[in-house]
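In: Mind looking at a prediction? Sequence and model below.
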Amino acid sequence: MEQHKLGNWSHAYGRFSALADGGDAEAARIALFMLRHGSEMYGLKWGASQPQIDQWTKLALQPKPSLEAVSGD
């Protein structure tokens, strides 16, 4: 997220896509968003293979954990 906040869009997309490839659901959601809206929002267009898109979509559709589960409370 730090790279995204700094405006290093391509670096951020690369990290999100790598994390999504590794099974991170939140990274998959962000990578899919950036892939779909890259041209309009960032002035850039990224790519992903159809198997990546399918995997990321499957991950992104998983329910998000509750805040209590994330914080450990």
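Out: Noted; the coordinates are in hand.

In: Leaving out chain neighbours, which residue sits closest to Gly47?
Out: What sits nearest to Gly47 in space, not counting adjacent residues and going by Cβ to Cβ, 6 or more residues apart in numbering, is Leu35, at 7.8 Å. No exception for glycine: its C-beta is placed from N, CA and C like everyone else's.

In: And for whichever strand or helix holds the one you found, what's in contact with it?
Out: If you go by DSSP states H and E, Leu35 is part of helix 25-42. Applying Cβ atoms under 8 Å, 6 or more residues apart in numbering, the contact partners of helix 25-42 are 4, 9, 12-13, 15-17, 19-20, 44-48, 53, 55-57, 59-60, 62, 64.

In: other SSEs contacting the very next helix or strand once past that helix?
Out: Moving toward the C-terminus from helix 25-42, the next helix or strand (DSSP H and E) is helix 50-60. Packing partners of helix 50-60 (3 or more Cβ pairs under 8 Å, 6 or more residues apart in numbering; DSSP states H and E): helix 9-21, helix 25-42.

In: how about those helices in CSV, adding mean pLDDT and mean neighbour count?
Out: Listed next are those as CSV, based on pLDDT from 0 to 100; neighbours: other Cβ atoms under 10 Å:
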stretch, mean pLDDT, mean neighbour count
helix 9-21, 93, 18
helix 25-42, 91, 17
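
In: What residues sit buried inside stretch 56-64?
Out: If you call a residue buried by 16 or more other Cβ atoms under 10 Å, then stretch 56-64 has these buried ones: 56, 59-60.

In: distance between stretch 39-57 and the chain's centre?
Out: On the basis of Cα atoms, centre = their mean, to the nearest Å, stretch 39-57 is displaced by 9 Å from the centre of the chain it belongs to.

In: what's the angle from the helix holding Leu35 to helix 9-21?
Out: Going by axes from the mean of the first three to the mean of the last three Cα atoms, to 10 degrees, helix 25-42 is angled at 150 degrees with respect to helix 9-21.

In: now the angle from helix 25-42 to helix 50-60?
Out: Interaxial angle of helix 25-42 relative to helix 50-60 (the same axes, to 10 degrees): 120 degrees.
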